[in-house]
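A.B. asks: Sequence first, predicted coordinates after that:
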Amino acid sequence: MGSVPGSEIGGLETAGVSYLGDGVRTAVKLLVTGHFAVGKTTFVGTLSEIEPLRTEEPMTEASVLVDDLTGVPGKQTTTVAMDFGRLTLSRSLVLYLFGAPGQQRFTPLWRDMALGALGALVLADTRRLEHSFPVMDLLEEHGLPYAVAVNRFDGAPEFAEEELREALDLLPSTPLVSCDARDPASATRALISLVEYLIGTEARLEHV
Amino acid sequence: MSPRREQGLVRPYVVTNGRSEPSRNTFDLVTLVSGVPDRPLQGLTPEQRRLVALVSRGSLSLAEVAAHLRLPVSVTKVLLGDLVDSGHVLTRAAIPRAQLPASQLLQEVLDGLRARL
Ligand SMILES: Nc1nc2c(ncn2[C@@H]2O[C@H](COP(=O)(O)OP(=O)(O)OP(=O)(O)O)[C@@H](O)[C@H]2O)c(=O)[nH]1
Ligand SMILES: [Mg+2]
């Protein structure tokens, strides 16, 4: 594990790359999603053991049309970006966190992120709670279980949990936590709430 | 019913250079990729060589390969499919079949996260 300095063969490609540990056999992924500027990149960066990475995917014209970007005249292609990070959880297990933009619903990249994901953490901002609706709808369409974490922005209004649940129209079983995406312990606790919920969901399913 | 259980395999549909084909190999963003040592590189395109060089030192997920090579995920999947066929790289399904049940996997994720606090 760790960074390998570049050398003769493939030096250009391998310089500064942090490889997985030799024992890693299993990789799981969780999505960190939410509306524009809600803290997705911050959250992933806070927890990642590697410098967060980014990929961009050109979006087809068809996706652009169904994707509500038609207000941009003459715009034929655009790109969707996702950023992601990595946490090695044990000798054999690694967790990837994908920061998934909530607005680009019909793109192949979203399909790639959602397929096989264990679940999602939806970041929400109390200054614009209703902006979280399309994101939660999207997760429900993909059949992905999720928990909601309210990111505490400075000066943002504070609500009681019941008010938040009602405003976000959450099911009673959906976990709702608050977190600071800049703080590793706080971000970790938000993920723990999500995974505890996933375990509970799984247990219920196995008993049906 | 768990949607995750139904999802199973990814069926990527890729488009490159006007060539559009469903890949025979099914890759996930977190499919693990590693190089096969000492394979001759003749006949490989520059991009295929870059991919082989990148994973010659250790394993990475497909998403990391795409990001380090600055290529879209869709293009990386095509490169990877060809290199698996030619025996230059190995891929490992993100979650090995023997790893089920999911509850055990989730418990391992939970333990790993709790250990970080
Ligand atoms: N106070 C506070 N600020 C935060 C928190 N999380 C993020 N921010 C700030 O909010 C701004 C936006 O955060 P990003 O992480 O870029 O948000 P994003 O969701 O990735 O944004 P897009 O990718 O543009 O949609 C940055 O200036 C962050 O520093 C938080 O938990 N608390
Ligand atoms: Mg971002």
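C.D. replies: Okay, I see it. Ligands and ions are numbered 1, 2, ... in the order given.

A.B. asks: going forward, measure contacts and count neighbours with C-alpha atoms only.
C.D. replies: OK.

A.B. asks: Which residues of chain A lie near ligand 1?
C.D. replies: Residues of chain A lying near ligand 1 by Cα under 6 Å from any ligand atom: A:35-42, A:151-154, A:180-182.

A.B. asks: if we go to 5 Å?
C.D. replies: For chain A, the contact set with ligand 1 under Cα under 5 Å from any ligand atom comprises A:36-42, A:151-154, A:180-181.

A.B. asks: What count of nearby residues applies to the closest residue to ligand 1 within chain B?
C.D. replies: Evaluated by Cα to the nearest ligand atom, chain B has B:A67 as its residue closest to ligand 1, separated by 16.6 Å. Residues contacting B:A67 under the criterion other Cα atoms under 10 Å in any protein chain shown number 20.

A.B. asks: Could I get the contacting residues of it?
C.D. replies: A:L53, A:R54, A:T55 (Cα atoms under 8 Å, 6 or more residues apart in numbering or on different chains).

A.B. asks: okay, now the first one: neighbour count?
C.D. replies: By other Cα under 10 Å, the residues close to A:L53 number 20.

A.B. asks: Which pLDDT value belongs to the residue nearest the centre of chain B?
C.D. replies: For chain B, the residue nearest the mean C-alpha position is B:T31 (3.2 Å; Cα atoms, centre = their mean). Turning to B:T31, the model gives it a pLDDT of 96.

A.B. asks: ditto for A:P157
C.D. replies: A:P157 is assigned a predicted lDDT (pLDDT) of 88.

A.B. asks: could you measure it against ligand 1, distance?
C.D. replies: 12 Å (Cα to the nearest ligand atom, to the nearest Å).

A.B. asks: worst-scoring helix or strand of chain A, pLDDT-wise?
C.D. replies: Lowest on mean pLDDT, DSSP states H and E among the helices and strands of chain A sits strand A:2-3, with a mean of 44.

A.B. asks: mind listing the strands for the chain?
C.D. replies: Since no chain was named, I'll use chain A. A:2-3, A:18-19, A:26-34, A:53-59, A:78-88, A:93-101, A:119-125, A:146-151, A:176-179 (DSSP state E).

A.B. asks: that's the wrong chain, I meant chain B
C.D. replies: B:13-16, B:19-22, B:32-35, B:60-61, B:89-92.

A.B. asks: Comparing those strands, which yields the minimum mean pLDDT?
C.D. replies: Mean pLDDT is lowest for strand B:13-16 among the strands of chain B, at a mean of 32.

A.B. asks: per-residue confidence for A:R128?
C.D. replies: Per-residue pLDDT puts A:R128 at 93.

A.B. asks: Near it, how many other residues are there?
C.D. replies: Number of residues near A:R128 (other Cα under 10 Å) recorded here: 11.

A.B. asks: Ok, A:A37 next?
C.D. replies: By the measure other Cα under 10 Å, the count of residues near A:A37 is 12.

A.B. asks: Please apply the same query to B:R114.
C.D. replies: Count around B:R114 with other Cα under 10 Å applied: 15.

A.B. asks: cool, and B:P96?
C.D. replies: When neighbours are counted by other Cα under 10 Å, B:P96 registers 11.

A.B. asks: what does A:P108 give?
C.D. replies: If you count neighbours by other Cα under 10 Å, A:P108 ends up with 21.

A.B. asks: And for A:G21?
C.D. replies: For A:G21, the tally of surrounding residues (other Cα under 10 Å) stands at 18.

A.B. asks: Which pLDDT value goes with it?
C.D. replies: For A:G21, the predicted pLDDT is 97.

A.B. asks: was I right about it contacting A:L89?
C.D. replies: No: counting by Cα atoms under 8 Å, A:L89 is not a contact partner of A:G21; they are 10.8 Å apart.

A.B. asks: In stretch A:171-179, which of the residues would be classed as buried?
C.D. replies: For stretch A:171-179, burial by neighbour count (16 or more other Cα atoms under 10 Å in any protein chain shown) applies to A:P175, A:L176, A:V177, A:S178, A:C179.

A.B. asks: Correct me if wrong: the last one contacts A:N151.
C.D. replies: Yes: because the distance of 5.1 Å satisfies Cα under 8 Å, A:C179 is recorded as touching A:N151.

A.B. asks: In the sheet, which residues pair with the spatially most central residue of chain A? Tell me.
C.D. replies: Among the residues of chain A, the one closest to the centroid is A:V32, at 1.7 Å (Cα atoms, centre = their mean). Note on A:V32: beta-bridge partners by DSSP bridges are A:G99, A:L121.

A.B. asks: What's the separation between it and A:V94?
C.D. replies: Using Cα to Cα, to the nearest Å, we find A:V32 at a distance of 16 Å from A:V94.

A.B. asks: now do A:D183
C.D. replies: A:D183 is 21 Å from A:V94, where distance means Cα to Cα.

A.B. asks: just B:G81 next, same as before
C.D. replies: Taking Cα to Cα as the measure, B:G81 and A:V94 are separated by 23 Å.
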